[in-house]
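S.K.: A structural model of the following input is requested.
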Amino acid sequence: MSEGRKFLKQAAMQVGAGGSAGFVEVCIMHPLDLVKTRFQIQSNKVLAPEDPTYYTGIVDCMKKMYRNEGFFAFWKGVLPPILVETPKRAVKFFTFEQYKKFFLFGSSSPTPLTFSLAGLGAGVTEAVLVNPFEVVKVSLQANRSHLREVPSTWTVTKRIVSTQGIGLRGLNKGVTATIARNGVFNMVYFGFYHSVKGYLPEYEDPVQEFFRKVGIGFVSGTLASCVNIPFDVAKSRIQGPQPVAGEIKYRTTLGSMAIVYREEGWRALYKGLLPKVLRLGPGGAIMLVVYDYVYHYLTLRFPD
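M.R.: Next up is the predicted model:
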């Protein structure tokens, strides 16, 4: 097989495995992403604790959402990530594999620095492609109406384009925050997972090996979530509804972080951390394990 055909075959398998990983992860973990977003757009300066849309914790948020918006409200905004997760994860895993070759720096095998820089590059590439979907998703997740009254994904997209355009105040608002969030996350996520996985010995028993990968993936997703969440909060504030209609309070990534810190304290920069960890801890494990197993299956199914 020629080098060109071999590259295309590996690329197709990486894309297929990455897309499968993203689809499975988003279907299972989306409700926690929604809860995370609700906490991040909740400002103590706007809502009082007695307000029925004020959430004191994850359980309180889920109870109020179920009571006021219905069970399937937990999947509000799921269509944009479903539509984007397959190509998004496909792009992320594919570009990660390509960036690894670029960041070898003369080494015969990837180093922890290689994995981290490749993850950073993959995260930045991913962020630029998915940011418009993130804007639509956050808009849908911020809607507190009953599910029957929530506009469709297409309606929300058209409204954003017609009123705000496709630029940095429209479908691409918050793109720098998304780049920072995804870049930092994937730098830690891939860097930790592949470095530790290569350090810890594999098990011959498939069940033990499965849980080894799940455990490393869980820690990778958890650690990356804790590191990047201030950027995630800034992204949600920029892309979500502004506190005062007609006024843009949250404009830039660092500016938004400074406003949140000044008005609400440093803890506010970690709003939504628990649901984020609950989602991206196991979610990160799901993605990496699904990718590994699907890619391994494809290599066996389509040998050279």
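
S.K.: quick one: Gly16 from Met62, how far?
M.R.: Counting by CB to CB, to the nearest Å, the separation of Gly16 from Met62 is 34 Å. Placement of C-beta: from N, CA and C, glycine included.

S.K.: same thing with Gly77?
M.R.: Gly77 is 16 Å from Met62, by CB to CB.

S.K.: what is whatever helix or strand Thr114 lives in packed up against?
M.R.: Using DSSP states H and E, Thr114 sits in helix 112-141. Where contact means 3 or more CB pairs under 8 Å, 6 or more residues apart in numbering; DSSP states H and E, helix 112-141 is packed against helix 3-41, helix 79-102, helix 153-164, helix 175-199, helix 206-239.

S.K.: please identify the buried residues of it?
M.R.: 114-127, 129-141 (16 or more other CB atoms under 10 Å).

S.K.: equivalent analysis for stretch 235-250, please.
M.R.: Neighbour-count burial for stretch 235-250, counted by 16+ other CB under 10 Å, picks out Lys235, Ser236, Arg237, Ile238, Gln239, Gly240, Tyr250.

S.K.: nearest residue to the third one in space, please, no chain neighbours.
M.R.: Same thing as Arg237. Residue nearest to Arg237 in three dimensions, not counting chain neighbours: Tyr250, with 4.1 Å by CB to CB, 6 or more residues apart in numbering.

S.K.: equivalent analysis for the first one, please.
M.R.: Beyond its immediate neighbours in the sequence, the residue positioned closest to Lys235 (CB to CB, 6+ apart) is Ala177, lying 3.7 Å away.

S.K.: which residues touch that neighbour?
M.R.: By CB atoms under 8 Å, 6 or more residues apart in numbering, the contact list for Ala177 reads Phe231, Ala234, Lys235, Ile238, Gln239, Thr253, Ser256.

S.K.: show me the contacts for the fifth one.
M.R.: Counting by CB under 8 Å, 6+ apart, Gln239 touches Glu134, Val135, Val138, Ser139, Lys173, Gly174, Ala177.

S.K.: mind picking the two most distant members of those?
M.R.: Ser139 and Ala177 (15.2 Å; CB to CB).
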